[in-house]
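> model this:
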Amino acid sequence: MKVILKIEEGPGGKEEIVFDRHDTFIVGRSKVNTHSQLSGDGYISRHHFVLELNPPHCFLKDLGSTNGTKVNDRKLNKGELLQLSDKDLIKAGKTTLSINIIQEKDEELVGTLFLSPEVNCVECGKEVSEELSHKTPEELEGLIYTCKECTDKKNEIVATLIEESSVLCAVCNKDMSDMANKDGKREDFKDTAVYYCPLCKPSRQKGSYPDKIGDYELLSLLGKGGMGAVYKAWHIPTGRLVALKKILPMASLSQKNQKLFQREMTVMSKLIHPGITRLYDQGKMGKYYYFVIELLNGGDADELITKKYLSPVPYKEVCHIICQVLDGLEFAHSKGYVHRDIKPQNILLQNDSKGVKAKLSDFGLAKNFQEAGGSMITKDGEAAGTIIFMAPEQLLNYKYVKPPADVYSMGVTFYYLLSGKYHFDYPSPLEFMEAQMMGVKIDKKKYEEPILLVLSGNPIPIKNRKKDIPHKLALVADRAVKKNEQERYSSAREFREDILKALGEV
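Model (predicted):
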């Protein structure tokens, strides 16, 4: 599948741009932070509209253009979002553009992409085609495989560990060692999993959600977001208490890409670090994918503001949380992974006798969700709260997001938790709550479009937001949200070290 954007008519002449994967494309007169200026067209606004393309899907959002954007001769409202179809015509200023969605033949895809699938052991990385010689090329596509040598070693280690350790029910202390290993993963998850016997499992809360998904009994709805819903769940075979995330259906996804999507997420399960939530399992039920992660009892970092404090979070607590997840982020970046969707809702918390543990959640899910046909910008019900945490380069160069973009998003999160406000002039959840308590209504239409703020807005110094933040920490927060990549932190380690240094000087 691919989407072709054609400039059919206009002062700048004809042009054709091809998109074969998830991308964004910003059209406007500005020569900074746009992809096309529609040369010679003086009726185009500085930032006119944005396209989010994820073949075969294509969305257009007007960016508050002065002269408006028309689709098939209908003028869009300022800021309006519209899903486009094949052959749709877009009119901006004196320029006419068309959208062409091309369905490529299956045999061409097979011939170019999967002529000779190669499978490597997910443990040691060696090529294992000899061990899989009995399988067809179709069966090899997306296959996750552990070689015989690694399997034997793992089994020996697990057998020894099982003899030396036991698993107890979290409530009645009944020995659940055998049950906990029904799926053979007891030792893999020994540092994160909690188990409940059938008599002590948490009761199901009332709600309109399924009783079961796969082998998981759903106990309560924890939340909903742009990619789906999250439930507290109990794994029936093992008694493991988990969080299960059901992903929105991606009906247009080919079987081939479904396998690759699942394979990528399974590879992500090898990303093991105390600052990253552990991915336990994944599956597909009907048209829905689901992913299972460790369950943390402290909610997410955003809830510290919206539920616990109803104000900015104390700065020492913020530093403690952010330093833990920066440590996890540094580890992931060293392994070649980029998150792409860092925000307070994706920092999960665990409260125990030793204090608060913070972990970065949904690692790899954003990237794979986008590439598999989902949307992170235009379809997200809480789009502003996602876009404002994105680095400018993530909007401008969506296909090639690098670690500094994650570090920037962590910087925006740091700023937000410290101040309760965004680094741009746009109302935060806390400001909406405060306005509601005072009986005042905030009109979002009076504010700049979030995409434009990310592209061309100037960050507000954090001292203007909250004067009592220690000076050294304020300098760190302001540097972390600099728009220019050369001026802000280039790595998670550098950012973490400066926080610890500033905290030591407070």
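> so, low pLDDT: which residues of the chain?
Along the chain, the model assigns pLDDT under 70 to residues 104-118, 133-144, 155-164, 226-227, 248-261, 264, 364-385, 506.
> ok, longest helix in it?
helix 315-334 (DSSP state H).
> give me the residues contacting whichever strand or helix holds residue 232.
In the assignment (DSSP states H and E), residue 232 maps to strand 228-235. Contacts to strand 228-235, defined as C-beta atoms under 8 Å, 6 or more residues apart in numbering, come from residues 183, 196, 201-202, 209, 213, 215-224, 240-248, 281, 288, 292, 295. Glycine gets a C-beta too; all of them are placed from N, C-alpha and C.
> got a quick ChimeraX command for the buried subset of the residues you listed?
To isolate the buried members of the contacts of strand 228-235 in ChimeraX, using 16 or more other C-beta atoms under 10 Å:
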select :196,201,213,215,216,217,218,219,222,240,241,242,243,244,245,246,247,248,281,288,292,295
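> tell me which element residue 52 falls in.
strand 49-54.
> returning to that earlier point: can you list the strands that the strand holding residue 232 pairs with?
strand 216-225 (antiparallel), strand 240-247 (antiparallel) (DSSP bridges).
> contact partners of stretch 310-320?
Against stretch 310-320 from outside (C-beta under 8 Å, 6+ apart): 301, 304-305, 355-356, 358, 414, 417-420, 430, 433, 466, 469-470, 473, 499-500, 503, 506.
> those in strands, which ones?
Among these, DSSP state E puts 355, 356, 358 in strands.
> show me what the nearest residue to the second one once chain neighbours are set aside is bridged to.
To tie it back to what came earlier, the one meant is residue 356. Using C-beta to C-beta, 6 or more residues apart in numbering and skipping residues adjacent in sequence, the residue nearest residue 356 is residue 349, 5.6 Å away. Beta bridges link residue 349 to residue 358 when assigned by DSSP bridges.
> near residue 349, how many other residues are there?
Counted by other C-beta atoms under 10 Å, the residues lying close to residue 349 total 19.
> that one contacts residue 301, doesn't it?
Yes. Counting by C-beta atoms under 8 Å, residue 349 does reach residue 301; the two are 6.7 Å apart.
> joint contacts of those two?
Contacts common to residue 349 and residue 301, judged by C-beta under 8 Å, 6+ apart, are 321, 358.
> how about the strands paired with strand 228-235 in JSON lines, adding distance to residue 187?
Shown next, in JSON lines, are those (distance: least, C-beta to C-beta, whole Å):
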{"stretch": "strand 216-225", "distance to residue 187": "21"}
{"stretch": "strand 240-247", "distance to residue 187": "13"}
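> closest to residue 3 out of those?
In terms of C-beta to C-beta, the element of these nearest to residue 3 is strand 240-247, at 22.8 Å.
> how about residues contacting that closest one?
Outside strand 240-247, the residues touching it (C-beta under 8 Å, 6+ apart) are 170, 180, 189, 193-196, 201-202, 213, 216, 218, 222, 227-235, 280-281, 288-296, 362, 365, 369, 374.
> buried ones among these?
Judged by 16+ other C-beta under 10 Å, buried ones among those: 170, 180, 189, 193, 195-196, 201, 213, 216, 218, 222, 227-235, 280-281, 288-296, 362, 365, 369, 374.
> helices - which of the contacts of stretch 310-320 land there?
Short answer: the contacts of stretch 310-320 in helices (DSSP H) are 301, 414, 417, 418, 419, 430, 433, 473, 499, 500, 503.
> for the residues you listed, which ChimeraX command selects only the ones that are buried?
To isolate the buried members of the ones in helices among the contacts of stretch 310-320 in ChimeraX, using 16+ other C-beta under 10 Å:
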select :301,414,417,418,419,430,473,499,503
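> dump the ones in helices among the contacts of stretch 310-320 to a markdown table, plus distance to residue 329.
Listed next are those as a markdown table, based on distance: C-beta to C-beta, whole Å:
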| residue | distance to residue 329 |
| --- | --- |
| 301 | 14 |
| 414 | 12 |
| 417 | 16 |
| 418 | 18 |
| 419 | 21 |
| 430 | 25 |
| 433 | 29 |
| 473 | 19 |
| 499 | 13 |
| 500 | 15 |
| 503 | 18 |
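> of all the ones in helices among the contacts of stretch 310-320, which two lie farthest apart?
Largest separation among the ones in helices among the contacts of stretch 310-320 by C-beta to C-beta: 433 and 500, giving 31.5 Å.
> quick one on the thing from earlier: tabulate the CA atom coordinates of the longest helix of the chain in PDB.
What follows is helix 315-334, C-alpha atoms only, in PDB (Å, rounded to 0.1, in the frame of the first residue of the first chain):
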ATOM      1  CA  TYR A 315      10.300  18.600  43.300                       C
ATOM      2  CA  LYS A 316      12.300  15.900  45.200                       C
ATOM      3  CA  GLU A 317       9.600  13.400  44.300                       C
ATOM      4  CA  VAL A 318       9.700  14.500  40.600                       C
ATOM      5  CA  CYS A 319      13.500  14.100  40.500                       C
ATOM      6  CA  HIS A 320      13.300  10.600  42.100                       C
ATOM      7  CA  ILE A 321      10.700   9.500  39.500                       C
ATOM      8  CA  ILE A 322      12.300  11.000  36.400                       C
ATOM      9  CA  CYS A 323      15.900   9.700  37.300                       C
ATOM     10  CA  GLN A 324      14.600   6.200  37.500                       C
ATOM     11  CA  VAL A 325      12.900   6.300  34.100                       C
ATOM     12  CA  LEU A 326      15.900   8.100  32.500                       C
ATOM     13  CA  ASP A 327      18.000   5.200  33.700                       C
ATOM     14  CA  GLY A 328      15.600   2.800  31.900                       C
ATOM     15  CA  LEU A 329      15.600   5.000  28.800                       C
ATOM     16  CA  GLU A 330      19.300   5.100  28.600                       C
ATOM     17  CA  PHE A 331      19.400   1.300  28.700                       C
ATOM     18  CA  ALA A 332      16.800   1.000  25.900                       C
ATOM     19  CA  HIS A 333      18.600   3.600  23.800                       C
ATOM     20  CA  SER A 334      21.900   1.600  24.200                       C
END
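> residue 47 - how many residues pack around it?
Residue 47, neighbours per other C-beta under 10 Å, totals 23.
> again but with residue 174, I slipped
17.
> the one 3 residues further on now?
Burial of residue 177 is recorded as 14 neighbouring residues (other C-beta under 10 Å).
> same check, this time on residue 390
Residue 390: 24 neighbours (other C-beta under 10 Å).
> do you know how far it is from residue 277?
Counting by C-beta to C-beta, to the nearest Å, the separation of residue 390 from residue 277 is 21 Å.
> pretty sure residue 465 is touching residue 419, no?
Yes. Contact criterion C-beta under 8 Å: residue 465 and residue 419 qualify, at 3.9 Å.
> where exactly do the strands run in the stretch 351-500 of the chain?
355-360 (DSSP state E, counting those that start in this stretch).
> for the stretch 1-150 of the chain, that is, sorry about that
Using DSSP E, counting those that start in this stretch, strands in the stretch 1-150 of the chain cover 2-9, 15-19, 23-27, 49-54, 57-62, 69-71, 74-75, 81-83, 89-92, 95-102.
> most packed of these?
Of all these, strand 49-54 has the most neighbours on average by mean count of other C-beta atoms under 10 Å, namely a mean of 26.
> between it and strand 2-9, how many degrees?
150 degrees (axes from the mean of the first three to the mean of the last three C-alpha atoms, to 10 degrees).
> any of the ones in strands among the contacts of stretch 310-320 buried? List them.
Neighbour counting with 16+ other C-beta under 10 Å marks residue 358 as buried within the ones in strands among the contacts of stretch 310-320.
> which among the ones in strands among the contacts of stretch 310-320 gets closest to residue 24?
Checking the ones in strands among the contacts of stretch 310-320 one by one against residue 24 (C-beta to C-beta), the nearest turns out to be residue 358, at 30.0 Å.
> correct me if wrong: the closest one contacts residue 351.
No. In this structure, residue 358 is not within contact of residue 351 by C-beta under 8 Å, at 10.6 Å.
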